[in-house]
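K.L.:
no sequence on this one, just coordinates:
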């Protein structure tokens with residue numbers, strides 16, 4: 001469903017000051033409409049399951065739209081009722097409708113851009129009056145204008161986070177790129193809607209055809225696991241997977257996915273051990289599990305949000321688990337019970353902008369935990385800060401049959417342990433994690449507009465340093 005209403009002429013804001021190594025070379029910085037014809041993409045994050053290097057962190061930081069040495073300026077303009085109506089529609093029916101807006105990115109204006117809400121559990125309890133610049137969005141420049149893109153990028157996700165800085169996700173994505181696993185590029189923006197005060201937000205690549213072409217450069221299919229589903233096998237009727245998996249890239253066909261899930265769930269133990277490597281990149285999966293443990297990401301493949309993608313390579317006929325959603329990395333935790341607003345993650349949370357798997361409430365997810373302490377006092381959910389990944393964890397986790405069966409086998413558990421040891425050396429002991437954090441922290445701290453209080457930046461960075469030191 002797409003809603004069109006006349007849009008007011010927005011008040012133009014001057015391009016915000018850019019920091020770091022220099023100013024982006026943007027064509028047409030004066031306000032304009034139409035399509036940016038640049039079609040090149042830059043900065044592969046790497047897809048190999050081996051050979052991680054610190055250089056990967058730099059590669060993952062990107063250029064252009066995803067240049068990580070500046071805080072980009074993004075403004076969106078449309079009738080206010082379109083933004084409030086999009087949230088009201090989701091809350092009443094679960095439908096995420098596309099709205100037609102004008103978007104200005106680093107001084108270049110695009111007409112008829114599609115925006116829709118992004119996420120599931122992150123939206124269900126958001127207050128009806130939450131300001132649109134604080135909500136999670138999927139932005140598609142080419143939704144209504146074919147081929148419309150900016151510096152080779154046609155879509156990105158405006159992420160939510162239960163911290164004020166989103167430093168935890170920014171650092172996690174840098175390290176994911178350095179790990180040798182497929183990753184999404186990220187950058188900070190100052191987002192303003194209808195001339196609102198700007199809000200600091202993190203944007204990331206949206207895994208889809210554009211991302212697959214950059215990262216995998218191969219024929220295949222990309223499936224996204226939905227928060228409303230799991231990895232169980234539901235038969236051969238594609239309709240049975242409507243609320244379980246969405247196909248995000250490749251010719252529409254769930255046959256590879258259904259066959260993989262049938263094998264994972266229904267094969268004998270002997271067949272599972274003998275045949276999994278023919279169906280899954282097991283080295284990459286062991287590395288994935290090790291990485292998610294390393295960055296203490298509560299909401300991964302068997303967390304409450306079921307966060308993951310499956311990439312099926314048409315040549316190898318194998319699946320690769322793709323990491324997604326790191327806004328609960330480095331010790332952030334949701335808790336399903338308790339009253340809202342019982343404390344605050346350091347620095348607070350802007351008006352209900354929260355991650356998938358957390359419970360929004362305008363201030364902080366219920367009982368949110370960082371570094372093992374429930375804000376405001378009390379014990380961490382489940383009695384601790386969480387254990388190793390595998391088979392679901394705590395009251396909010398999900399039992400994932402792939403994780404459970406994989407980690408039950410000594411050979412693959414040993415592979416996870418070995419990968420964890422290697423990644424600890426490569427990403428933590430080497431100082432790569434500290435360096436990534438320092439870069440992001442310097443960017444935020446150097447912003448003269450005070451999008452986030454300096455004390456908040458310091459506190460949230462210190463929490464990540466503590467987690468890295470404890471690894």
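P.N.:
Noted; the coordinates are in hand. Being a predicted model, the structure only gives us computed values, none of them experimental.
K.L.:
Poorly predicted segments of the chain, please.
P.N.:
1-62, 334-397 (pLDDT under 70).
K.L.:
Which residue is most remote from the mean position of it?
P.N.:
For the chain, the residue at maximal distance from the C-alpha centroid (C-alpha atoms, centre = their mean) is residue 270, at 35.7 Å.
K.L.:
Confirm that residue sits in a strand?
P.N.:
No - assigned with DSSP: H, G, I helix; E, B strand; the rest coil, residue 270 falls outside any strand and is helix.
K.L.:
roughly how far apart are it and residue 276?
P.N.:
As judged by C-beta to C-beta, to the nearest Å, residue 270 and residue 276 stand 11 Å apart. No exception for glycine: its C-beta is placed from N, CA and C like everyone else's.
K.L.:
same thing with residue 188?
P.N.:
In terms of C-beta to C-beta, residue 188 sits 39 Å off from residue 276.
K.L.:
in what helix or strand does the nearest residue to residue 82 once chain neighbours are set aside lie?
P.N.:
Nearest non-adjacent residue to residue 82, counting by C-beta to C-beta, 6 or more residues apart in numbering: residue 99, 4.4 Å away. Using DSSP states H and E, residue 99 falls within strand 98-105.
K.L.:
From the contact counts, what lies against that strand?
P.N.:
In terms of contacts (3 or more C-beta pairs under 8 Å, 6 or more residues apart in numbering; DSSP states H and E), strand 98-105 is packed against strand 2-3, strand 71-77, helix 80-93, strand 108-117.
K.L.:
relative orientation of it and strand 71-77 in degrees?
P.N.:
Calculated by axes from the mean of the first three to the mean of the last three C-alpha atoms, to 10 degrees, strand 98-105 forms an angle of 140 degrees with strand 71-77.
K.L.:
now the angle from strand 98-105 to strand 108-117?
P.N.:
Orientation of strand 98-105 against strand 108-117 (the same axes, to 10 degrees) gives an angle of 140 degrees.
K.L.:
Is residue 402 in contact with residue 306, as I believe?
P.N.:
No - the criterion here is C-beta atoms under 8 Å, and residue 402 misses it with residue 306 at 11.6 Å.
K.L.:
which one of these two has more residues nearby?
P.N.:
A count of neighbours by other C-beta atoms under 10 Å puts residue 306 above the other of residue 402 and residue 306, at 28 against 24.
K.L.:
For that one, list the residues it contacts.
P.N.:
Listed by C-beta atoms under 8 Å, 6 or more residues apart in numbering, the contact set of residue 306 reads 225-227, 229-230, 398, 400.
K.L.:
ranges for the helices of the stretch 301-450 of the chain?
P.N.:
401-407, 410-423, 432-445 (DSSP state H, counting those that start in this stretch).
K.L.:
Residue 471: which of those helices is closest?
P.N.:
helix 432-445 (8.2 Å; C-beta to C-beta).
K.L.:
tell me which strands and helices the closest one is in contact with?
P.N.:
Here helix 432-445 touches helix 55-61, helix 167-178, strand 186-193, helix 454-470, going by 3+ C-beta pairs under 8 Å, 6+ apart.
K.L.:
Pipe the ones you listed into a markdown table and attach distance to residue 260 per row.
P.N.:
Shown next, in a markdown table, are the helices and strands packed on helix 432-445 (distance: least, C-beta to C-beta, whole Å):
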| stretch | distance to residue 260 |
| --- | --- |
| helix 55-61 | 27 |
| helix 167-178 | 23 |
| strand 186-193 | 29 |
| helix 454-470 | 33 |
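K.L.:
Tell me which of those sits most buried.
P.N.:
Of all the helices and strands packed on helix 432-445, helix 167-178 carries the top mean neighbour count, a mean of 29, counting by mean count of other C-beta atoms under 10 Å.
K.L.:
Please tell me how far that helix is from the chain's geometric centre.
P.N.:
10 Å (C-alpha atoms, centre = their mean, to the nearest Å).
K.L.:
Run the angle between it and helix 454-470 for me.
P.N.:
Per the same axes, to 10 degrees, the angle that helix 167-178 makes with helix 454-470 is 40 degrees.
K.L.:
For the spatially most central residue of the chain, which non-adjacent residue is spatially closest?
P.N.:
When C-alpha atoms, centre = their mean is applied to the chain, the residue found nearest the centroid is residue 325 (3.4 Å). Computed as C-beta to C-beta, 6+ apart, the closest residue to residue 325 that is not its neighbour in sequence is residue 307, at 3.9 Å.
K.L.:
Many thanks, I have nothing further to ask.
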